[in-house]
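**Student:** Next comes the sequence, and after it the predicted model I'd like to discuss.
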Amino acid sequence: MLNSTNFFLLAEFRYYGSVRIIIFLLLLVSYLITLAGNILIVTLILRHRSLHTPMYFFLSNLSIVERCATTTVTPKFLSIIAFGDSEISYRGCMLQCYFYFALGSVDFILLAVMAYDRYVAICQPLHYITVMNPRLCIFLAVISWLCGFVDTLPPTIVAYNLLFCGPNMIDHFFCDIDPILKLVCQDTSLINLLNLIASSFTILGSFVCIVVSYTVIIMAIFKIRTVGQRWKTFSTCSSHCILVGIFYSGSVFMCLRFINGFAVDFNKMAVVLNTIVAPMLNPFVYTLRNSQVISAIQEDFSWR
């Protein structure tokens, strides 16, 4: 019987030799790029007044979330690959699980808030400054963080008080809730219900907000007469659309984990996509596709 004084063992890394070294280096490089890129975005937004707009304010929040989210998983994964350090304490496991899902929830809610920001900018351009005032922006950011952390708190509290028995091996490279529940020796219907409610609120709720916002945006764009102006208007949403596609692709993989007969572990692929790939791509998406950010970078380098 496991309790808060015991520990779990995460799945061992099965590759050896040169393959192990290559995967470790790739993961380490991607993690360092994620940290450096997202720190760069936040620094640029703080330094340049031209980036003191609602869109970049929410982007800086998104960068902070992604930097924290990848830090909850990647360092331990690197430790498993490099040193075989698969042991994690009971409390540490629960904290890792909580912060992973809480920060992921904040991500999805912020994406919905950014979609609303794009809706106001395109459909109500004359009222944009009035509607998206600093007070509302701060309120939406605070609500996003609070909802993300509060939404995942009830399932975590229930999981912390579950009874575990038998093997303590978690079939994952981090403390994901599904492999943890496989070790429980009591009824898990309550926590499954709480997880369903929490995920429905964040993933499904934010997705509905994004779809509604972009439906109205697309309808407004089609009313523009010239094709060039249509593309110019839609290009202001392109970076956000790419991030939405990346994040919700991970959610699709998580849904496919319930389908039997696949050789690929979709749950692990979803974690890699949402905590390693997406945070690493975020800085590139918003720098390579945004002239204002590129100008800010060039200004800093020319000043140096």
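**Tutor:** Nice, thanks for sending it over. Residues are numbered from 1 along each chain as shown.

**Student:** secondary structure class for the residue with the largest distance to the centre of the chain?
**Tutor:** Using CA atoms, centre = their mean, the residue of the chain lying farthest from its centre is residue 225. It sits 36.9 Å away. Under DSSP: H, G, I helix; E, B strand; the rest coil, the three-state class of residue 225 is coil.

**Student:** how near is it to residue 59?
**Tutor:** 31 Å (CB to CB, to the nearest Å). The way it works is simple: take the backbone N, C-alpha and C, and place the C-beta from them, glycine included.

**Student:** do residue 123 as well
**Tutor:** As judged by CB to CB, residue 123 and residue 59 stand 20 Å apart.

**Student:** Strands along the stretch 151-300 of the chain, start to end?
**Tutor:** Using DSSP state E, counting those that start in this stretch, the strands of the stretch 151-300 of the chain run over 169-170.

**Student:** for the stretch 1-150 of the chain, same thing?
**Tutor:** Remark: strands assigned in the stretch 1-150 of the chain by DSSP E, counting those that start in this stretch are 7-10, 87-89.

**Student:** for the first one, packing partners?
**Tutor:** Taking 3 or more CB pairs under 8 Å, 6 or more residues apart in numbering; DSSP states H and E as contact, the helices and strands that strand 7-10 lies on are strand 87-89, helix 90-123, strand 169-170.

**Student:** The same query, at a cut-off of 6 Å, please.
**Tutor:** Identification of packing neighbours for strand 7-10 by 3 or more CB pairs under 6 Å, 6 or more residues apart in numbering; DSSP states H and E yields strand 87-89, strand 169-170.

**Student:** Could you single out the most deeply buried of those strands?
**Tutor:** Comparing these by mean neighbour count (mean count of other CB atoms under 10 Å), strand 169-170 comes out on top with a mean of 18.

**Student:** list the helices and strands that strand packs on?
**Tutor:** Going by 3+ CB pairs under 6 Å, 6+ apart, strand 169-170 lies up against strand 7-10.
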